[in-house]
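Colleague: Generate a structure from the sequence data that follows.
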Amino acid sequence: MSLTEKILSLKKEKKALILAHNYQRAEIQDVADYVGDSIELSRKAAQEKDAEMIVFAAVDFMAESAAILNPAKKVLLPCLGARCPMAQMVTADEIKRAKSKYPNAPVVMYVNTLASSKALCDVCCTSANVVEVIESLDAETILFGPDRNLAQYAAEKTGKTLIPVPEFGFCPTHLLFQPEDATVLKMQHPDATIMVHPECSGEMRKVADYVGSTSKMCRFAKESNAKTFIVGTEEGILHRLRKENPDKNFLLAYPDAVCPNMKLTTLDRLYIALKEEKNVVKVPENVAEKARASLERMFEV
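Modeller: Take a look at the predicted model:
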């Protein structure tokens, strides 16, 4: 029996749901019940009433969100070392300092934060709904963390003032994308459509034909008449894009754009976590309750 077959057998036996983020390894995506972005997957988990356990192939904050939104289910993270660098960039103390400096400004936290940060904000957002969340607030000045590029993107779209907390939070992988690389590829493939993630720099967004979250990119690629796409986000998404659009060509704007943290999840680690039910994600209830409220407010928007 192959490792994949063992995982599928255990999954059935334990009534487990395997969720994989769009940036996961191809073999992890192929064994998952659902592939998508972090909140999309957490909501799927809540809708699956028969599942008793969730194995979240992703990074720490995503598994935390799943545990917060599914308190009755056991949530496993296949590799405890899979931590999001951006999520570590904002601390509870920094948020408190910013709130004391701007007491009338609402606080919006990107879902790419730890539960302790979510517990201190008014509402969360994803890269897919950041504009709608910002527009829903009756305020012109908003504290936003931790991604400075996403804050700039939302400010451009809404005309509001977003103060980044911390000042220079970023995604190390999306910082690798530079406009020169996309421009050279565009010269080689003049009919190609450039689509990039809003976590990319402002300069990179300017050369793009389309800016959107991973879930929006997948939707856009399906609906577009374009046959070739230059993609500005982590390389794991190419597997899904190619599976869903076998007749289209996808090129990574920067070939080495790999998130090492996302790639820490392997079939071996997933199998052991599921077999031994190890690496259970737990969020203290007092923190989870507040974080859950900020996530639910986001869903209401």
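
Colleague: May I have stretch 231-250 exported as PDB, CA atoms only?
Modeller: Extracted C-alpha coordinates of stretch 231-250, given in PDB (Å, rounded to 0.1, in the frame of the first residue of the first chain):
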ATOM      1  CA  VAL A 231       1.800  34.500 -12.300                       C
ATOM      2  CA  GLY A 232       3.000  36.600  -9.300                       C
ATOM      3  CA  THR A 233       2.500  34.400  -6.300                       C
ATOM      4  CA  GLU A 234       3.900  31.300  -4.600                       C
ATOM      5  CA  GLU A 235       4.700  28.500  -7.000                       C
ATOM      6  CA  GLY A 236       2.400  26.000  -5.400                       C
ATOM      7  CA  ILE A 237      -0.600  27.600  -7.100                       C
ATOM      8  CA  LEU A 238       0.600  26.500 -10.500                       C
ATOM      9  CA  HIS A 239      -0.300  22.900  -9.800                       C
ATOM     10  CA  ARG A 240      -4.000  23.800  -9.200                       C
ATOM     11  CA  LEU A 241      -4.000  26.300 -12.100                       C
ATOM     12  CA  ARG A 242      -2.700  23.700 -14.500                       C
ATOM     13  CA  LYS A 243      -5.100  21.000 -13.300                       C
ATOM     14  CA  GLU A 244      -8.100  23.300 -13.700                       C
ATOM     15  CA  ASN A 245      -7.000  24.800 -17.000                       C
ATOM     16  CA  PRO A 246      -5.100  22.000 -19.000                       C
ATOM     17  CA  ASP A 247      -5.300  24.000 -22.200                       C
ATOM     18  CA  LYS A 248      -3.600  27.100 -20.800                       C
ATOM     19  CA  ASN A 249       0.000  28.000 -20.100                       C
ATOM     20  CA  PHE A 250       1.200  29.300 -16.700                       C
END
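
Colleague: For that stretch, buried residues please.
Modeller: Within stretch 231-250, the residues scored as buried using 16 or more other CB atoms under 10 Å are 231-241, 245, 248, 250. Where C-beta positions appear, they are placed from N, C-alpha and C, glycine not excepted.

Colleague: Show me what that stretch is in contact with.
Modeller: The contact list for stretch 231-250 (CB atoms under 8 Å, 6 or more residues apart in numbering) reads 21-26, 29, 35, 173-174, 177, 182, 194-197, 199-200, 204, 208, 214, 217-218, 221-222, 226-229, 251-255, 257-259, 262-263.

Colleague: okay, now the domains of this structure?
Modeller: 3-84+262-282, 87-171, 174-252 (automatic domain parsing).

Colleague: can I get those domains in a markdown table with mean pLDDT?
Modeller: Output for the domains of the chain, formatted as a markdown table (pLDDT from 0 to 100):
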| stretch | mean pLDDT |
| --- | --- |
| domain 3-84+262-282 | 94 |
| domain 87-171 | 97 |
| domain 174-252 | 98 |
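
Colleague: For residue 293, find the nearest of these.
Modeller: domain 87-171 (8.5 Å; CB to CB).

Colleague: Any of the contacts of stretch 231-250 buried? List them.
Modeller: Applying 16+ other CB under 10 Å to the contacts of stretch 231-250 flags 21-25, 29, 35, 173-174, 177, 182, 194-197, 199-200, 204, 208, 214, 217-218, 221, 226, 228-229, 251-254, 257-259, 262-263 as buried.
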